[in-house]
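J.: no sequence on this one, just coordinates:
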């Protein structure tokens, strides 16, 4: 689907524009630095979606996924992945531990835990169920292409694995070539 947004999204912190495409209902979600707001494609009116800040957003079907730093009025030390229905009828925790570098690909959520001494790339269903570890190494970056995940680990090795973590192949030896980004 292709949508045109008549009013540009303006923020003093442009890195908070996270949704690159509208949700299935045609809303574009973004964080202002104070709360999450949304605008409907073709409309000029923004509306508040939350009354709290989030620095990461993506949409899957009729859910908006976001990092939440709150816990019943308290503050998390690290962000927890939540999701909220677009009609705001349900808001729930997806991954109960702090996360970083979350991606949605091919009907799964992929994430790196933010806990000390916890390494690797994990995969879960969109509701957070059936969490499984794909790889157990320290990861700097990862990237999806076709049937593979490309991983740059902390040793600067570039590794290709399939979405289940099988069929691992080292493409670049970091000691020899010093890969630094994907």
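T.: Structure's in. What do you need? Treat the numbers as computed from the prediction; the structure is a model and nothing was measured.

J.: quick one: what helix or strand has residue 94 in it?
T.: Secondary-structure assignment from DSSP states H and E places residue 94 in strand 91-95.

J.: ok, and what's touching that strand?
T.: 65, 68, 80-85, 109, 111, 124, 126-128, 131 (Cβ atoms under 8 Å, 6 or more residues apart in numbering). For the C-beta atoms, the positions are set from N, CA and C on the backbone; glycine is no exception.

J.: for the helix or strand following it, packing partners?
T.: Stepping forward along the backbone from strand 91-95, the first helix or strand reached (DSSP H and E) is strand 99-105. In terms of contact count using 3 or more Cβ pairs under 8 Å, 6 or more residues apart in numbering; DSSP states H and E, strand 99-105 is assigned the packing partners strand 57-60, strand 63-71, strand 74-85, strand 108-113, strand 139-145.

J.: ok, for the residue most central in space within the chain, nearest residue in space, not its chain neighbours?
T.: Using Cα atoms, centre = their mean, the residue of the chain that lies closest to the mean C-alpha position is residue 102, 3.2 Å off. Using Cβ to Cβ, 6 or more residues apart in numbering and skipping residues adjacent in sequence, the residue nearest residue 102 is residue 111, 4.5 Å away.

J.: wait, isn't that neighbour in contact with residue 101?
T.: Yes - taking Cβ atoms under 8 Å as the contact criterion, residue 111 and residue 101 are neighbours in contact, 6.5 Å apart.

J.: So for these two, which sits in the more crowded spot?
T.: The residue with the greater number of neighbours, taking residue 111 and residue 101 and applying other Cβ atoms under 10 Å, is residue 111; the counts read 23 against 15.

J.: Contacts only, for that one.
T.: Taking Cβ under 8 Å, 6+ apart, we find residue 111 in contact with 81, 95, 99, 100, 101, 102, 103, 121, 122, 124.

J.: what about the last one, how many neighbours?
T.: Right, residue 124. Close neighbours of residue 124, defined as other Cβ under 10 Å, add up to 18.
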